[in-house]
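Asks: Sequence unavailable; structure follows:
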């Protein structure tokens, strides 16, 4: 039985789970990296770990210091729990459109949470800009340092996936992986994991699964950042080229509407016992698209990012879904 000395050492080394329905439907072996089994409950624990470890190592912050971040939730949770273990205070700014489950979790973990109106990134009152300004204002009177985590442009995020997620997938598949695909939030998971896997085998196909309302898919296909439509997903969907996306190598990409990935999510929960969240649904739907493109006999890996428990007030509210012409879970 594995033992770990603390929160940070327990991050990573998550299992790969065979996704039986997706595999049987496509004739491929489709696997999900069970990131919901990280100690903070999501893939963002990896970014939080490497961002904090890097900042502590270079002296940006020390025990007793403050971490400030703008986040849709999961990175904030990872930063808060890792920060608790390291003696750091955490201050989070979050758009008020995010699920109440993530908001209550952050407060319960001891973060100072400030919710702000959701406005586009180009608006100076966007939560990311507000977080940066707040960090700068606190830095003048902070003897132990202030870290603006900046998961979007802080490449410790991407480096964490180069050093952990990619090598784990390579080892777990014994090098027999043909494709890796996931959605883009900050871009760290896709760019870092793809970079490592391609360094081991340049023929591995990297794929992007974008929700409607995001711009990266259109940038990949047409070289222009343009968003159309909207999605109920949270924490994914990007409208700019972040620092973690610079230089990313994407071979295939799809814009996947909510009506396509929601039935996939219901199948994961009802038939495979995987109580995963919205981004996992779009990731598996993307893996199915990639499998159909590559053809039978290939091995594809994607990310099961977090738990459906963080989205229950939306996912399992039939009225919320029907108002958006989306199918509710068949069992409700």
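Replies: Received it, and whenever you're ready, just let me know what you need. These figures come from a predicted structure and were not determined experimentally. Numbering: from 1, shown residues only.
Asks: From now on I want contacts and neighbour counts done on CA atoms only, so please keep to that.
Replies: Will do.
Asks: Residue 253 falls within a strand, correct?
Replies: Yes: membership of residue 253 in a strand is supported by DSSP: H, G, I helix; E, B strand; the rest coil.
Asks: The nearest residue to it once chain neighbours are set aside: neighbouring residues, count only.
Replies: Ranked by CA to CA, 6 or more residues apart in numbering and with sequence neighbours excluded, the top spatial neighbour of residue 253 is residue 208, at 4.4 Å. For residue 208, the neighbour count with other CA atoms under 10 Å is 26.
Asks: tell me the SS of residue 208?
Replies: Per three-state DSSP, residue 208 ends up strand.
Asks: For it, list the residues it contacts.
Replies: Residues in contact with residue 208, defined by CA atoms under 8 Å, 6 or more residues apart in numbering, are 181-184, 190, 217, 250, 252-254, 286.
Asks: will you turn these into TSV that also has neighbour count and secondary structure?
Replies: Below are the contacts of residue 208 laid out as TSV (neighbours: other CA atoms under 10 Å; DSSP: H, G, I helix; E, B strand; the rest coil):
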residue	neighbour count	secondary structure
181	30	strand
182	30	strand
183	32	coil
184	24	coil
190	30	helix
217	30	helix
250	18	coil
252	19	strand
253	22	strand
254	21	strand
286	28	helix
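Asks: Residue 270: which of the residues you listed is nearest?
Replies: Set against residue 270, the nearest of the contacts of residue 208 by CA to CA is residue 286 (19.3 Å).
Asks: Just give the closest residue to that closest one, not the sequence neighbours.
Replies: Using CA to CA, 6+ apart and skipping residues adjacent in sequence, the residue nearest residue 286 is residue 209, 5.2 Å away.
Asks: my guess is that neighbour meets residue 181, correct?
Replies: Yes: under the criterion of CA atoms under 8 Å, residue 209 makes contact with residue 181 at 6.9 Å.
Asks: Show me whatever sits in contact with both of the two.
Replies: With CA under 8 Å, 6+ apart as the test, residue 209 and residue 181 both reach 283, 286.
Asks: can you pull the pLDDT of the residue nearest to residue 286?
Replies: The per-residue pLDDT reported for residue 209 equals 97.
Asks: Quick one: residues contacting it.
Replies: Contacts for residue 209 were tallied using CA under 8 Å, 6+ apart; they are 181-184, 217, 253-256, 282-283, 286.
Asks: try 7 Å
Replies: Counting by CA atoms under 7 Å, 6 or more residues apart in numbering, residue 209 makes contact with 181-183, 253-256, 282-283, 286.
Asks: Redo those as JSON lines? Include pLDDT and distance to residue 297.
Replies: As requested, these are exported to JSON lines (pLDDT from 0 to 100; distance: CA to CA, whole Å):
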{"residue": "181", "pLDDT": "98", "distance to residue 297": "17"}
{"residue": "182", "pLDDT": "98", "distance to residue 297": "20"}
{"residue": "183", "pLDDT": "97", "distance to residue 297": "23"}
{"residue": "253", "pLDDT": "96", "distance to residue 297": "20"}
{"residue": "254", "pLDDT": "97", "distance to residue 297": "21"}
{"residue": "255", "pLDDT": "96", "distance to residue 297": "24"}
{"residue": "256", "pLDDT": "97", "distance to residue 297": "23"}
{"residue": "282", "pLDDT": "98", "distance to residue 297": "22"}
{"residue": "283", "pLDDT": "98", "distance to residue 297": "20"}
{"residue": "286", "pLDDT": "98", "distance to residue 297": "17"}
